[in-house]
Each structure stands twice: as C-alpha cells, then as structure tokens.
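Novice: What would the 3D arrangement of this be:
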Amino acid sequence: MRNRTSTSAPSHPPSSGGQVSSNAAKAHSISSATWIIIVMFSSCISFYVGVWTAWSITSASGGLRSESYEHCINAANGEDDGELGKKIGFIFKSRLDRELKANCPGADFKVKPCPECHIPQCICHPCPEVKKGFQSPRFDQYTNHFASGLVSISRKHLFDAYDFGVPMSSNAEGENSLILYQSNNALPNDKNVSLPAQYNGDIPHMTDALEATENCDQLNVLFTKPPGKLRQCTALIGGQYQGYHIQRWMRVKGRQLMGRKYWGRMDPSNPLHHVGRTVISDGMDELDFPQAHHIELHREILSIYLTNLKEIQDELRTTLHRIAIDQTVVVMTVNKGQSELFLNFVCHAKSKGFNLKNILLVPTDQFSKNLADELGLATFYNEHLTKDLPSEEAMIYGDRNFGLMMMAKVISVQLVVDLGYHVLFQDVDVVWFKDPINFFHKMDPSLASFDIYFQDDGSRQERFAPFSANSGFYFVWSNERTQLLMRRMLYAGDLVFACSSHQQILTFLLSDMNSLSGLKVKVFSRDGVTPNSRKDYLIDQHMCWTQNKVDKLKFMKQMGMWHVKDNCIGQDAKELHQGGGSAELSQQCCPAEPLIECFFRDKASVIPCKDSPTKDRNAVSFWS
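Specialist: A predicted model of the protein is given here:
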C-alpha cells in the first residue's frame, strides 16, 4: 500500500514580518492551475486512447489474449456510473464473448469472477482442459445461470439415502431420477462425473446418492409422473424468485358450472389454462368449494368449541394425565351406527392380551359412551361439541354423516395434541396384531425424526398426491409443527364438509406444511408397516376401501377377525350388563376364538370359500 507523505515546511526563514512575498505567491498559484489543466487534459486523452487500444489489441492468431482480460473487466461489466462507460462496456463485452466463443468452444466464456482463482477472470476452465472430448456445454450461456450439469441416479438409491416420506412406487430399482445442478460449485467432486455432467453427450449415471449430492447446500425435490395418458411437460424457469409450489396448466375449455366445477374435457386444440391440482383428465375438479350451509355449520361448531375451550381443556387434561402411557394415548371416535366395530376392536384386542389402559374414546352419543364405560375404557364426552353429530352410520363413503364424523375426528386429535400428548388415532374398523404404540416408541432411529406417520392409502387420485396418506390410522408426535397442522385442520372444517372427506383436506395441508414449516411426513409403503406378504410383521389391519359397514363386517368375518356375538350388536350396554349378572360385558360379548363365516369366494379368507358367490364380476376365486 502506498503511504501518503506530508509536505515539509520551508527551511529558510520567512521574510520580514513573517509574510511570504506577494510575487512568490502569485507565481506559485499560476503554476498549480496550469498543472491541473494539463492533468485533466492528459486523463481524457488517455481514457479514449485506452479504449481504442483495448478494441484493437489482438493476439498473433487474431484472438484476444487472456492476460488482457482483467484490465477490461470493469468496463465489460458496466461498473462505470457514466452512461458512456456503460455503453462502451456493453459493446466491449459483446465482442469479448464472441471472441472467446470462437477461440474456446466448450469453455465457460461468460465474464465473471472465478471462485477457484478468487480474482476476476474471463475463463474458469482453460481451453486445453475442456477440449478433451467435450465440444460444447450441455447448457448454453442463456440457461447456465440456473443449470450447470445433469446426472442420473437410481430412484431406489435416492430414496435409500433420503427418506422423503412419500411411499416409494414400484420398479424403483429399474427407473432413474435426474439431479440438476444449478451451479458449478454444486457438482460432485469426481471430475470423471462432473465434467461429463456439464457437457453434451450421454448423461453420466451415479450409484451413490450421497456422493451425487455432496456439494449441494440445498436439494429441491419434485415428484412427477404423467397422470394417465396426459402428454405432460415440465417448465423449469430460472432467474425468477424462488417458488415452492407448482403451477398446473391444462388444455381444457374453460371454467363451466355443472353441479361441481367442470372445465370440459381435454382437447389438444384448446389453449393451456391455469387449473388447480385437483382437476382430473376429464376436466372435473375434485375440490368442492364450501357453500353457505357448509360455512354456517362450521361456524356454529367452531363457535361452540371456542366458547367452551377452557372448560373442555381442563376436563380433558385430567383424563389424559390419568390414562397416558409414555405421554401417549390412542384416540378413537364412534357413534351408535359404528358401535359394533368398536366393540369388535376391543374384543379382538382382549383376545390378544393387549393393554387398553391408554385408549381414549370420544363418543358422539350417549349409546356409545355407555358401551365404552361398561367395557372399562376412558371416554371424553362433551355435549356441547357433539349435539349436531349423528348417531347413524354413514350409508356410503362421503355422505353428510360421514363428513360430520370426520369433523369429530379432527377436533378429537387437535385437542389432545394441543395439550402436549402424542396420539395414535385410528378408526374403529381396525384390529391389532402387535402393539402399535410399542412400534412407534421403539422404531429405528432413521424413522424417529418424522413428525407424523401414516399408512399408504393406495389411491393415486390427484387429490391425494403426493403422500396418499390414509387418515384412518396415523401416529402424531406433539410438537409445534403438528400442533399448527391440527389447528389448521380445525379451521378448515368447512372444506371437510364441502368435500365430505377428512383425508382429502388433510392431504392438502400435509403438502403445504411439509413445504412451509418443514413438517416431516412419513407414509409407510405397502410392504412396510403392514406388508400383506409377511403376517409375522403385521401390526394392524384397517378395513378401509369398503363401500359401507355391511361389507366391512363380511370381510372381517371371512378373514377371521370378528369377535362379537350377534346378540350384543346394537344393544344398549347397560341393559346387556344387567342381564348378564356379575359377568363383565366383554365376557358376555367377546368369544375367545373368532367367528368365521364365508361370503365371497374371490376375496381373502382364512378358510376356503369356494362355494360362495363372487363379489366382483368375472373375478377369480381366491382359493383357485
């Protein structure tokens, strides 16, 4: 660094009176002014001569010398605040780019700082290195601001390295995924991979997902599979403000009203329209917006909930403190119409010797409360919350009674999680083969970091993507993320009523919270928690995917999962207990062995049902 020096005082004594003579002062003044003019004039000439020289300098071969580049970088980047400097910089930079492209094909010829050198350079990779078999970059100068390289890797290897929470679809080992690197610094360290990833030719394949992402500070994950036969395209738009949601455009006619929202069928001649994620290929939108009666019903329930919240929490807190095991409870809701399924769960669990101390039943009517009381189970029954809930079972999946019972499930889980207790929520059409609480509390450390766990529902409808989480059996660790999730479910009750589906709205919020708060969602694959092929590992059986309760009972009886005597079904528990003398209700109603009966020869059964009719048309016998 150059030191600044001060001017020393004159060594001769001043003239009389200590004043410098006026003639000397004038001579000094004239000399300074003249010098300033000379310097300014020389600077202007030097600037334009320098620009002309930079324009004219070429190498012996006609190309620009790389040693001259850094002298021109300020002008090339337009850092001069003057308009003239910016224009000259733009012209010069354009010529630099043309010269570099002509002399170094395949090089990163854009003027920018080189991180390897820590000083401004025009080329980060010298021409001799990039010419060895790499003739042109995979992404040109117009896309390399967000795309630098590309590799492929097995979907199975990627899922093994990073548990994304979604169920892994079939053929994962035989299908590859793509990793797009958005800067040179993110590429793998292995030059045998990183260089081919940047240049045209076959996309290099990697077998180690951790090595493939070793320099990725951030990994954005997109799951994609064309729905049905749709000719799907995906646009990656660089240079924009980072987005964490996907826009969806389809060639449908435009919004029409036909009961539900209807866009009209796909037509290649139509322009692309922005649509929601729940629009399916035939143009139907599976999201029903809440109507006035949905909103009013939700407001009424929410008003009762908020008005009585302090009382409800105090009462519930006492019960939870008494029954919880390891700060965990099993929550179930039931009404009279589903009471025999609940009774079967209890009878089946008792036959296996499971501890039911930490089960909390939230009945929606007095009939169900009496049943739980006589079975010795804890209940939470608040008449304020349950006065509008039905006692009848849903006639079909998704009807009004079904929607109201779904709302009861939302409130039950939200209240318990908000008080700091972990929850296993399950429907009543479930039987246990192993203690699920023990599974979740002693699971593998690789799984313990998730916030909420589900079974794979199996449905791949657009409205359940990407998790396909079944809402009839799931486990929740109580924390800030899950408490926020459940509050949002509570406030989305009008959507639950409109769509007649607890599961659909929960799926929407799981996706949103997964992005917004980092909520970690785990959906066990169909060969995970409940693999059909390994009964020794089976934890539970959830009788979902059935049209109604009638079918559920038939399937359970046929599969050896039914433990309720006929004379106990639909009967008031108190009357049954009184009629049975001193015997407990479970002793009166629960046989030690399952009651097995055949109904359909084409459905799974524990005994041959070859003489029974088929459930589905043209179906093959299960025992054939």
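
Novice: Can you give the distance from stretch 510-521 to the centre of its chain?
Specialist: Centroid separation for stretch 510-521 versus its chain: 5 Å, with C-alpha atoms, centre = their mean, to the nearest Å.

Novice: got the contact list for it?
Specialist: Residues outside stretch 510-521 that contact it (C-beta atoms under 8 Å, 6 or more residues apart in numbering): 165-166, 244-245, 449-452, 454, 465-467, 469, 481-482, 484-485, 488. Placement of C-beta: from N, CA and C, glycine included.

Novice: can we see that at 6 Å?
Specialist: Residues from elsewhere that reach stretch 510-521 (C-beta atoms under 6 Å, 6 or more residues apart in numbering): Gly165, Tyr244, Phe450, Asp451, Ile452, Phe467, Arg481, Leu485.

Novice: same thing with stretch 313-328?
Specialist: Lys357, Asn358, Ala378, Phe380, Leu415, Leu419, Tyr421, His422, Ile437, His441.

Novice: One more pass at 7 Å, please.
Specialist: Residues outside stretch 313-328 that contact it (C-beta atoms under 7 Å, 6 or more residues apart in numbering) are 329, 357-358, 360, 378, 380, 415-416, 419, 421-422, 424, 437, 441.

Novice: Same question for stretch 615-624.
Specialist: For stretch 615-624, the external contacting residues (C-beta under 7 Å, 6+ apart) are Phe600, Arg601, Asp602, Lys603, Ala604, Ser605, Pro608, Cys609, Lys610.

Novice: ditto for stretch 431-450
Specialist: By C-beta under 7 Å, 6+ apart, stretch 431-450 touches 163, 165, 325-326, 328, 345, 348-349, 352, 354, 424, 453, 475, 520-522, 538-541, 561.

Novice: on that earlier part again, make a markdown table out of the contacts of stretch 615-624 and add secondary structure.
Specialist: A markdown table is the format used below for the contacts of stretch 615-624 (DSSP: H, G, I helix; E, B strand; the rest coil):
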| residue | secondary structure |
| --- | --- |
| Phe600 | coil |
| Arg601 | coil |
| Asp602 | coil |
| Lys603 | coil |
| Ala604 | coil |
| Ser605 | coil |
| Pro608 | coil |
| Cys609 | coil |
| Lys610 | coil |
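
Novice: hmm, which of the residues you listed are the buried ones?
Specialist: Phe600, Arg601, Asp602, Lys603, Ser605, Cys609 (16 or more other C-beta atoms under 10 Å).

Novice: Surely Ile411 touches Leu385?
Specialist: Yes - between Ile411 and Leu385 there is a contact under C-beta atoms under 7 Å: 6.4 Å.

Novice: Now for those two: what residues contact both?
Specialist: Tyr305.

Novice: if we can go back for a sec, same list (the contacts of stretch 510-521) but as a markdown table, adding distance to Glu374 and pLDDT.
Specialist: Output for the contacts of stretch 510-521, formatted as a markdown table (distance: C-beta to C-beta, whole Å; pLDDT from 0 to 100):
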| residue | distance to Glu374 | pLDDT |
| --- | --- | --- |
| Gly165 | 41 | 85 |
| Tyr244 | 51 | 87 |
| Phe450 | 37 | 93 |
| Asp451 | 36 | 95 |
| Ile452 | 33 | 94 |
| Phe467 | 38 | 73 |
| Arg481 | 38 | 96 |
| Leu485 | 35 | 96 |
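
Novice: Any of these buried? List them.
Specialist: Using 16+ other C-beta under 10 Å, the buried ones in the contacts of stretch 510-521 are Gly165, Phe450, Asp451, Ile452, Phe467, Arg481, Leu485.

Novice: Return the subset of those lying in helices.
Specialist: Arg481, Leu485 (DSSP state H).

Novice: Check the buried ones among the contacts of stretch 510-521 and tell me the two furthest apart.
Specialist: Longest distance between any two of these is 15.3 Å, between Phe467 and Arg481; criterion C-beta to C-beta.

Novice: before we move on, the earlier item: give me the subset of the contacts of stretch 313-328 lying in helices.
Specialist: Using DSSP H, the contacts of stretch 313-328 in helices are Leu415, Val416, Ile437, His441.

Novice: where do the strands sit along the stretch 351-500 of the chain?
Specialist: Along the stretch 351-500 of the chain, counting by DSSP state E, counting those that start in this stretch, strands occupy 359-363, 378-379, 422-426, 430-432, 452-456, 469-476.

Novice: Toward the C-terminus, what is the element adjacent to the helix or strand hosting Asp551?
Specialist: Asp551 is part of helix 549-558 when elements are defined by DSSP states H and E. Downstream of helix 549-558, the first helix or strand assigned by DSSP H and E is helix 573-579.

Novice: just checking, what packs against the next helix or strand after that next one?
Specialist: Counting by DSSP H and E, the element after helix 573-579 in chain order, helix or strand, is helix 585-589. Judged by 3 or more C-beta pairs under 7 Å, 6 or more residues apart in numbering; DSSP states H and E, the packing partners of helix 585-589 are helix 339-352, helix 573-579.

Novice: average model confidence for the helix holding Asp551?
Specialist: Model confidence over helix 549-558, given as mean pLDDT, is 89.

Novice: about what we covered before: would you list the helices and strands packed on helix 585-589 in a markdown table and tack on mean pLDDT, distance to Arg617 and mean neighbour count?
Specialist: Below are those laid out as a markdown table (pLDDT from 0 to 100; distance: least, C-beta to C-beta, whole Å; neighbours: other C-beta atoms under 10 Å):
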| stretch | mean pLDDT | distance to Arg617 | mean neighbour count |
| --- | --- | --- | --- |
| helix 339-352 | 93 | 28 | 22 |
| helix 573-579 | 76 | 41 | 15 |
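
Novice: Any idea which of those helices gets closest to Ile505?
Specialist: Closest approach to Ile505 among those (C-beta to C-beta): helix 339-352, 23.5 Å.

Novice: Distance from the chain centre to that closest one, please.
Specialist: Here helix 339-352 is found 36 Å from its chain centre; the criterion is C-alpha atoms, centre = their mean.

Novice: Likewise for stretch 566-583?
Specialist: The answer for stretch 566-583 is 49 Å, by C-alpha atoms, centre = their mean.

Novice: Then stretch 179-191?
Specialist: 24 Å.

Novice: re earlier: pipe the strands of the stretch 351-500 of the chain into CSV and attach distance to Lys310 per row.
Specialist: CSV is the format used below for these (distance: least, C-beta to C-beta, whole Å):
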stretch, distance to Lys310
strand 359-363, 18
strand 378-379, 20
strand 422-426, 21
strand 430-432, 33
strand 452-456, 27
strand 469-476, 23
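
Novice: Quick check: which of those is nearest to His294?
Specialist: Of all those, it is strand 469-476 that lies closest to His294, at 19.1 Å by C-beta to C-beta.

Novice: residues near Thr224, how many?
Specialist: By the measure other C-beta atoms under 10 Å, the count of residues near Thr224 is 9.

Novice: Tell me the secondary structure at it.
Specialist: Using three-state DSSP, the secondary structure recorded for Thr224 is coil.

Novice: ok, it to Ser269 distance?
Specialist: 25 Å (C-beta to C-beta, to the nearest Å).

Novice: For the stretch 151-300 of the chain, which segments count as strands?
Specialist: For the stretch 151-300 of the chain, strands defined by DSSP E, counting those that start in this stretch occupy the ranges 176-181, 205-206, 248-250, 256-258, 260-262, 273-275.

Novice: Could you export the ones you listed to CSV, including columns for distance to Ala147?
Specialist: As requested, these are exported to CSV (distance: least, C-beta to C-beta, whole Å):
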stretch, distance to Ala147
strand 176-181, 6
strand 205-206, 17
strand 248-250, 22
strand 256-258, 39
strand 260-262, 37
strand 273-275, 25
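
Novice: So which of those strands is nearest Lys574?
Specialist: strand 260-262 (45.1 Å).

Novice: what is the mean pLDDT for the closest one?
Specialist: In the prediction, strand 260-262 has an average pLDDT of 56.

Novice: list the contacts for the nearest residue to Met556 once chain neighbours are set aside?
Specialist: Nearest residue to Met556, sequence neighbours excluded (C-beta to C-beta, 6 or more residues apart in numbering): Trp562, at 4.6 Å. The contact partners of Trp562, taken as C-beta under 7 Å, 6+ apart, are Asn344, Met556, Pro594, Leu595.
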